[in-house]
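Trainee: Make a model of this:
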Amino acid sequence: MSVETAREWVTLPAGEVSDAVIAALEHAGVEFLFFTSGSEIGFFQEAIAKARAQGRNGVPRIITVTHEHASLNAALGYAAVSGKIAATAAHVDVGTQHYGGAVHTAWHSGLPVLITAGAPPTSHPGSIRGSRDGGGHIWMQQSFDQHGIVRQYTKWDHRLECQDNPGLIVSRALQVAQTEPKGPVYISFPREVALMKSLDARFPTAGQLGIPRPAAPDPAGITEIARHLVRARNPMIVAGRSGRNPNTVPALVQLCELVGIPVVDALPRAYLCFPMTHPLYLGAASLKDADMVLVLEADVPWMPGPTAPADDAYVAVVDVDAAKVRIPTYEFTADLRLTADSLATIEGIITAVRPLLTAGDRSRFADRGVRWRDGIAKRRAARERAVMGLKGQNPIDPRWLHHEIADTLGDACIIFDETIASDPLCNYLHCDRPGSYFYLPASAGGWSPGAAFGAKLAAPDRDVVSITGDGFYMFASANAALWSAAHYKTPFMSIIYQNRSYSTGVLRVANVFPDGYAAKAGYDGGYFDPPIDFAKEAEAAGAYGENVRDPAEIAPAIARGLKQIRAGKPAVISVWLPRLLQKD
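Mentor: This next block holds a predicted model:
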């Protein structure tokens with residue numbers, strides 16, 4: 001019996017607190033520590049190097065990322081593709097602040113990640129190993145509550161103290177992060193504490209503490225959903241994050257084909273929950289005619305208003321956080337909220353539905369499935385005809401760029417999408433493989449370049465592509481992700497929609513203040529034109545860069561980018577589009 005499954009705790013040779021920290025990560029299977037250097041977190045470097053010198057090759061590998069925002073997004077991308085937990089390390093309060101909007105993304109992603117930072121020494125100079133030394137900035141690194149920077153966005157946090165069992169604390173953090181609803185946890189390590197002799201060389205692993213399995217669905221709830229599905233005239237499924245578990249995708253296909261119902265994307269459609277080319281994939285659609293709606297892991301299942309389900313429609317919600325307790329104000333109503341794992345629930349519904357079906361039901365479901373398939377096929381054909389009319393348009397229409405990206409990438413890539421458009425990119429993509437598509441899971445732009453780098457570490461044999469607008473790309477500290485990708489030979493490609501515009505500062509302002517003073521003034525604050533040359537910036541970071549203005553060159557440029565990343569070099573393809581609300 002292995003140490004991880006036995007009751008006996010891990011026992012380390014006498015060593016420092018930092019040795020126990022690394023051992024706890026090692027025994028939990030943490031492969032990578034995304035690391036941005038700081039004077040007080042050098043203990044990570046020393047303890048990992050020491051463990052490797054002692055022949056312990058299972059300790060995490062340090063991955064240098066030169067900006068914390070890109071580092072945390074890389075950990076999220078790695079976790080999304082691998083299904084495993086990752087860890088980060090940053091410098092005291094300022095490094096924690098540099099994590100920035102990525103902490104918000106982590107909180108809403110449903111992904112497990114251990115976020116760490118050092119904490120400044122507070123002991124008098126010379127009084128203890130690791131005490132205050134160097135410049136006066138060490139005094140200024142103190143804050144009254146460093147954890148308060150991220151506490152609203154973490155499941156659990158702890159400042160390591162000298163009396164703590166360090167291995168136990170790290171194992172506890174990893175246990176909490178991997179418990180549904182999964183999410184980020186935060187530990188800070190005061191410098192003196194990390195360098196102390198460990199008081200207890202024994203600790204339980206995260207596995208010994210036990211990672212709880214997802215909740216099983218209530219049998220009565222399963223029966224209720226199954227009966228409503230069978231009786232419903234026009235049922236629909238809304239999916240948002242069920243695809244976090246790739247095994248839910250074929251199960252959901254089986255359910256939809258059995259009952260003849262389509263899948264609608266939630267807001268946001270964070271994961272690939274249903275194959276995009278499947279004839280029952282509806283994408284963005286109105287729910288106003290649905291008489292039964294099954295919602296799978298969706299924060300915002302629909303936009304309130306005329307496209308929402310009718311008041312008399314039956315709504316069932318399935319989620320590991322069915323009440324959405326992380327969102328303070330939440331007005332979506334439901335007839336049934338089932339706190340349960342999506343896969344177990346889908347499989348349970350299939351099992352419960354089958355014995356309820358009569359020959360008439362099967363015939364009715366088959367006819368309904370045909371109607372949906374025909375309607376969806378016509379909608380796709382109309383979109384294809386419309387986009388082909390944009391083929392030679394210059395400046396390039398965003399929908400033509402959608403089309404060319406989809407046709408060139410096909411179903412071979414892992415795609416990280418944070419584009420914003422009224423006609424979204426996912427309407428054009430051909431992603432069918434579970435785990436092949438991820439959309440920005442929250443509202444902190446600048447996620448995709450870092451996430452793509454982390455994903456490439458998790459899937460070195462797959463092409464990984466980040467697709468984003470230029471505003472979000474600049475938020476991303478993308479040069480840090482590119483440098484790491486070049487340094488570690490984990491190349492990804494970024495495709496940038498370059499419209500030199502913030503949708504918030506142009507379209508949203510226009511909606512709230514139509515013909516207002518801002519419109520007459522030319523939307524100051526909404527445009528950033530002339531733009532950065534992203535191709536040259538990419539070259540400076542050791543990547544391939546190309547700017548595209550000719551619509552006929554989009555597909556060849558993307559193909560050249562794919563060739564570059566397959567040869568080991570990151571690539572950036574920036575495509576020039578009209579500014580929002582303008583033709584140039």
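
Trainee: who are the neighbours in contact with Gly445?
Mentor: Listed by CB atoms under 8 Å, 6 or more residues apart in numbering, the contact set of Gly445 reads Gly101, Glu418, Thr468, Gly469, Gly471, Phe472, Phe475, Ala476. No exception for glycine: its C-beta is placed from N, CA and C like everyone else's.

Trainee: can I get those residues in JSON lines with neighbour count and secondary structure?
Mentor: Below are those laid out as JSON lines (neighbours: other CB atoms under 10 Å; DSSP: H, G, I helix; E, B strand; the rest coil):
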{"residue": "Gly101", "neighbour count": "19", "secondary structure": "helix"}
{"residue": "Glu418", "neighbour count": "26", "secondary structure": "strand"}
{"residue": "Thr468", "neighbour count": "27", "secondary structure": "strand"}
{"residue": "Gly469", "neighbour count": "24", "secondary structure": "strand"}
{"residue": "Gly471", "neighbour count": "23", "secondary structure": "helix"}
{"residue": "Phe472", "neighbour count": "23", "secondary structure": "helix"}
{"residue": "Phe475", "neighbour count": "20", "secondary structure": "helix"}
{"residue": "Ala476", "neighbour count": "29", "secondary structure": "coil"}
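
Trainee: Tell me the one of the residues you listed nearest Arg241?
Mentor: Set against Arg241, the nearest of the contacts of Gly445 by CB to CB is Glu418 (16.0 Å).

Trainee: Quick check, pLDDT for the residue lying closest to the closest one once chain neighbours are set aside.
Mentor: Of all residues not flanking Glu418 in the chain, Leu440 sits nearest, at 4.0 Å (CB to CB, 6 or more residues apart in numbering). Looking at Leu440, its pLDDT is 96.

Trainee: Could you export the contacts of Gly445 as a markdown table, including distance to Gly134?
Mentor: What follows is these, written out as a markdown table (distance: CB to CB, whole Å):
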| residue | distance to Gly134 |
| --- | --- |
| Gly101 | 31 |
| Glu418 | 40 |
| Thr468 | 39 |
| Gly469 | 42 |
| Gly471 | 39 |
| Phe472 | 37 |
| Phe475 | 32 |
| Ala476 | 32 |
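
Trainee: how deep is Ala266 tucked in, by neighbour count?
Mentor: Using other CB atoms under 10 Å, Ala266 has 22 other residues around it.

Trainee: and if you look at the one 4 residues further on?
Mentor: The tally of other residues near Ala270 (other CB under 10 Å) stands at 28.

Trainee: thinking it is in contact with Pro441, fair?
Mentor: Yes: with contact defined as CB atoms under 8 Å, Ala270 reaches Pro441; the gap is 4.1 Å.

Trainee: Distance of the closest residue to Leu267 other than its chain neighbours relative to Val317?
Mentor: Nearest non-adjacent residue to Leu267, counting by CB to CB, 6+ apart: Val300, 4.1 Å away. Distance of Val300 to Val317, computed by CB to CB, to the nearest Å: 12 Å.

Trainee: Val300 is in contact with His108, correct?
Mentor: No: if you go by CB under 8 Å, His108 and Val300 don't touch, sitting 10.8 Å apart.

Trainee: Please identify which of these two sits among more neighbours.
Mentor: His108 (20 against 15).

Trainee: For that one, list the residues it contacts.
Mentor: His108 neighbours (CB under 8 Å, 6+ apart): Asp299, Arg326, Pro441, Ala442.

Trainee: Setting aside sequence neighbours, what's the nearest residue to the second one?
Mentor: Pointing back at Arg326 there. Nearest non-adjacent residue to Arg326, counting by CB to CB, 6+ apart: Trp107, 7.0 Å away.
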